[in-house]
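Asker: pasting a predicted model and its sequence here:
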Amino acid sequence: MVHLPNVIKEKARAVKLVVFDVDGVLTDGTLVYSADGEQVKHFNVKDGVGIKLLQTYDVVTAIISAKDSAPLARRAKDLGIQHFFPGIKDKWEKLSALMDELWLEPDDVCYVGDDVIDLKVMKKVGLSIAPADAFWMVKDYADLITEVPGGKGVAREVADIILGSRMPLEEAYIKAMLPEFEETKA
């Protein structure tokens, strides 16, 4: 956390809601189809730990994705993500409604996105983060670019940034070492 500018640490400390895009953020963006035409997505287990840690420390998590798929719905359910919005074309409209529901302001929100559909949201929230391999235009607007590319632990890095702005990470991870951590769903 020492390597982050103070302005980023301050923005991270204010975060109450983290919203993730999916393809290119929680996955590497590759689309795989089975012989039956079913879509297959590859998710990183490290991201699951990061998302669950955020929830454990009362940071609300959400997914707003332009695409919808059975694997995505399953992953959101497995992680206990209560605010799951697939098939959304206007992400800012959906996020605005969610902020109203949760009584949050834009500065309370961190949005993690990788492509131009995410720009409208990223320009309006308190903290915007892009994966290392995001589209160049998105990286130009992001407050922070992760060290890892999409699908390789972006959510875990985001969790470390947010939780590390509030406490020593060793302290945050104590809860992840407990046996009941794997059983918890927010």
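Answerer: That came through fine.
Asker: what residues does the helix or strand containing residue 75 touch?
Answerer: According to DSSP states H and E, residue 75 maps onto helix 70-78. Contact partners of helix 70-78, identified using Cβ atoms under 8 Å, 6 or more residues apart in numbering, comprise 22, 26, 38-41, 43, 48, 63, 65, 84, 86, 185. Any C-beta I mention is one placed from the backbone N, CA and C, and that applies to glycine too.
Asker: now the element after it, going C-ward?
Answerer: strand 83-85.
Asker: any idea of the mean pLDDT for the helix or strand that comes right after that next one?
Answerer: Next helix or strand after strand 83-85 toward the C-terminus (DSSP H and E): helix 91-102. On average, the pLDDT along helix 91-102 is 98.
Asker: helices and strands around the helix or strand just after helix 91-102, which ones?
Answerer: Per DSSP H and E, helix 91-102 leads on to strand 109-112 as the next helix or strand towards the C-terminus. Packing partners of strand 109-112 (3 or more Cβ pairs under 8 Å, 6 or more residues apart in numbering; DSSP states H and E): strand 17-20, helix 91-102, strand 127-130, helix 154-164.
Asker: name the helix or strand for the closest residue to residue 159 other than its chain neighbours, please.
Answerer: Nearest residue to residue 159, sequence neighbours excluded (Cβ to Cβ, 6 or more residues apart in numbering): residue 50, at 3.3 Å. Assigned by DSSP H and E, residue 50 falls within helix 45-56.
Asker: touching that helix from outside, list them.
Answerer: Residues outside helix 45-56 that contact it (Cβ under 8 Å, 6+ apart): 18, 20, 26, 61, 78-81, 153-160, 162-163, 172-173, 175-176, 181, 184, 186.
Asker: at 6 Å instead, please
Answerer: By Cβ atoms under 6 Å, 6 or more residues apart in numbering, the residues outside helix 45-56 that reach it are 18, 26, 61, 79, 153, 155-156, 159, 175-176, 186.
Asker: ok, now stretch 15-22?
Answerer: 26, 54, 59-65, 72, 104, 108-113, 118, 127, 162.
Asker: end-to-end on that stretch?
Answerer: The first and last residues of stretch 15-22 sit 20 Å apart, counting by Cα to Cα, to the nearest Å.
Asker: repeat that for stretch 133-146.
Answerer: Taking Cα to Cα, stretch 133-146 runs 9 Å from one end to the other.
Asker: equivalent analysis for stretch 110-127, please.
Answerer: Across stretch 110-127, the terminal residues are separated by 5 Å (Cα to Cα).
Asker: run through who's touching that stretch.
Answerer: Identification of contacts with stretch 110-127 by Cβ under 6 Å, 6+ apart yields 11, 14-15, 18-21, 24-25, 66, 91-92, 95, 106-107, 109, 128-131, 134-135, 138, 141, 143, 150, 158.
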